[in-house]
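> Based on what follows, work out the 3D shape:
(one chain, ligands or ions: 1)
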Amino acid sequence: MTTVTPPKSLVIASRESALAMWQARHIQARLQALYPQCDVSILGMTTTGDQILDSPLSRIGGKGLFVKELENALADGRADLAVHSMKDVPMHLPEGFALAATGEREDPRDAFVSNHYTCLEELPAGSVVGTSSLRRQSQIQARFPQLKIESLRGNVQTRLRKLDEGQYAAIILAAAGLIRLELGDRIKGLIDPADSIPAVGQGALGIEINANRSDLIAILAPLNHVDTQLCVEAERGFSRALAGSCTVPLGAYATKQGNTISMQGFVASVDGRQMLKESVTGDAAQAEKLGQQLAQQLVARGADKILAALDGVK
Ligand SMILES: NCc1[nH]cc(CCC(=O)O)c1CC(=O)O
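Residues are numbered from 1 along each chain as shown. Presented below is the predicted three-dimensional model:
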């Protein structure tokens with residue numbers, strides 16, 4: 001057994017939304033249990049992504065907005081680690097930062113939430129569905145062109161409030177966030193991942209550090225969930241190969257059985273009229289390559305043209 005000596009204290013940088021704080025407290029509790037002598041605290045911060053709530057994320061620059069302030073805290077030593085939803089972590093970390101661990105995945109599926117209906121199939125033509133994710137929008141429109149998609153931003157509680165105020169017939173949220181916040185009773189149905197392929201990294205936690213803090217790697221290693229890490233690596237390999245972010249309608253979902261990863265991925269136009277899906281199976285030790293292979297299969301069918309055409313419509 002190797003003995004790891006933690007520092008006297010560890011500071012976790014986190015966004016202040018209820019979900020982010022749940023995730024930070026979860027990691028705090030795990031570290032505190034592993035290292036009872038170490039004082040583990042949380043530094044809450046508001047990010048640009050939390051402040052600009054009136055524009056779709058695809059217009060204001062995407063995921064980096066949720067992590068940049070936390071990275072500043074890592075860079076100037078106010079914090080030792082930052083806890084993120086992997087879904088919000090950009091495909092390329094800025095120079096000087098590294099992912100130290102990937103936390104175990106919660107349910108990766110999208111959830112259907114409504115006060116009047118139990119599933120998308122039940123919604124009358126013209127019903128308004130709230131989501132700001134182009135990934136969700138394109139997949140819903142491909143299956144239900146008669147539904148209307150309207151923008152829905154804000155943290156999980158804000159989105160539920162907007163549903164309850166009656167602006168939407170239904171909204172789509174990640175099941176993971178609702179379950180973690182003990183709001184699982186709001187879920188009317190979980191959408192089959194084959195029908196709503198989840199976002200890359202959905203449901204997984206990421207722990208980011210300053211790349212020069214190699215002292216933290218062994219300390220944080222017990223928080224890494226290897227199966228989740230490999231699946232998320234495969235998904236991120238896919239997204240990177242397509243230069244993806246949350247500003248384009250794409251998704252990928254990997255699962256691991258033994259040493260084999262199976263994954264499916266898609267690229268679509270925003271209206272869902274063009275929808276390309278592919279799947280791949282292979283060696284989990286080659287996770288990132290598997291994601292690239294899946295991307296190549298889609299490019300061979302014209303995914304690059306769909307993505308190029310998007311620049312005009314966003
Ligand atoms: N984009 C915001 C965001 N980032 C992570 C989650 C949910 C939890 C997760 O995927 O880990 C959410 C909310 C949502 O999509 O409903």
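> Now do the same for residue 209: helix, strand or coil?
In the three-state summary, residue 209 is assigned as strand, counting by DSSP: H, G, I helix; E, B strand; the rest coil.
> Surely it is in contact with residue 79?
No: counting by Cβ atoms under 8 Å, residue 209 sits too far from residue 79 to count as a contact (9.4 Å). Yep, even glycine has a C-beta here, placed from its N, CA and C like the rest.
> Could you check which of those two has the larger neighbour count?
Using other Cβ atoms under 10 Å as the criterion, residue 209 and residue 79 rank with residue 79 on top: 25 against 22.
> element containing the residue nearest to that one when sequence neighbours are not counted?
With sequence-adjacent residues excluded and distances taken as Cβ to Cβ, 6 or more residues apart in numbering, residue 79 is closest to residue 13, at 3.7 Å. Assignment of secondary structure by DSSP states H and E places residue 13 within strand 9-15.
> need the next SSE after that strand, C-terminal direction.
The element immediately downstream of strand 9-15 (helix or strand, assigned by DSSP H and E) is helix 18-34.
> Around the ligand, pick out the residues from this structure.
Residues of the chain lying near the ligand by Cβ under 6 Å from any ligand atom: 85, 87, 88, 156, 173, 174, 176, 177, 202, 203.
> quick one: which of these sit in helices?
When the residues of the chain next to the ligand are checked against helices (DSSP state H), the matches are 156, 176, 177.
> residues in contact with the last one?
The reference is to residue 177. 19, 85, 156 (Cβ atoms under 8 Å, 6 or more residues apart in numbering).
> Run a quick neighbour tally on residue 259.
Summarising burial for residue 259: neighbours were counted as other Cβ under 10 Å, giving 10.
> Identify the residues contacting it.
So residue 259 contacts 283, 284, 285 (Cβ under 8 Å, 6+ apart).
> Out of those, which is nearest to residue 151?
Compare each of the contacts of residue 259 with residue 151 using Cβ to Cβ and the shortest gap goes to residue 284, at 37.5 Å.
> The closest one and the ligand: what is the separation?
Counting by Cβ to the nearest ligand atom, to the nearest Å, the gap from residue 284 to the ligand is 21 Å.
> which of the contacts of residue 177 has the most neighbours?
Counting neighbours by other Cβ under 10 Å, the top entry in the contacts of residue 177 is residue 85, with 27 neighbours.
> what ranges do the helices span in the stretch 201-314 of the chain?
In the stretch 201-314 of the chain, helices defined by DSSP state H, counting those that start in this stretch lie at 215-220, 226-241, 287-300, 303-310, listed in chain order.
> Could you identify which of these has the lowest mean pLDDT?
Ranked by mean pLDDT, these end with helix 303-310 at the bottom, a mean of 89.
> Kindly calculate the angle that that helix makes with helix 226-241.
With axes from the mean of the first three to the mean of the last three Cα atoms, to 10 degrees defining the directions, helix 303-310 sits at 70 degrees from helix 226-241.
> Touching helix 303-310 from outside, list them.
With contacts defined as Cβ under 8 Å, 6+ apart, helix 303-310 is touched by 242, 243, 248, 249, 250, 267, 268, 269, 270, 274, 276, 295.
> So what's the gap between it and the chain middle?
Using Cα atoms, centre = their mean, to the nearest Å, the mean C-alpha position of helix 303-310 is found 22 Å from that of the whole chain.
> How about stretch 175-190?
Averaging C-alpha coordinates over stretch 175-190 and over its chain gives two centres that are 15 Å apart (Cα atoms, centre = their mean).
> go on, stretch 254-269?
The chain centre lies 15 Å from the centre of stretch 254-269; the measure is Cα atoms, centre = their mean.
> can I get the CA coordinates of that stretch in CSV?
Taking Å, rounded to 0.1, in the frame of the first residue of the first chain, the C-alpha atoms of stretch 254-269 are listed here in CSV:
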residue,chain,number,x,y,z
ALA,A,254,-20.2,5.3,-24.4
THR,A,255,-20.7,2.4,-22.1
LYS,A,256,-18.1,-0.2,-21.0
GLN,A,257,-18.5,-4.0,-20.6
GLY,A,258,-15.3,-5.7,-19.5
ASN,A,259,-12.5,-4.2,-21.7
THR,A,260,-14.9,-3.2,-24.5
ILE,A,261,-16.4,0.2,-25.0
SER,A,262,-19.6,0.6,-27.1
MET,A,263,-20.6,4.0,-28.2
GLN,A,264,-23.0,5.8,-30.3
GLY,A,265,-22.8,9.4,-31.6
PHE,A,266,-24.7,11.8,-33.8
VAL,A,267,-24.4,15.1,-35.7
ALA,A,268,-27.5,16.9,-36.9
SER,A,269,-28.8,20.2,-38.3
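> If anything else comes up later, I'll come back, but that's it for now.
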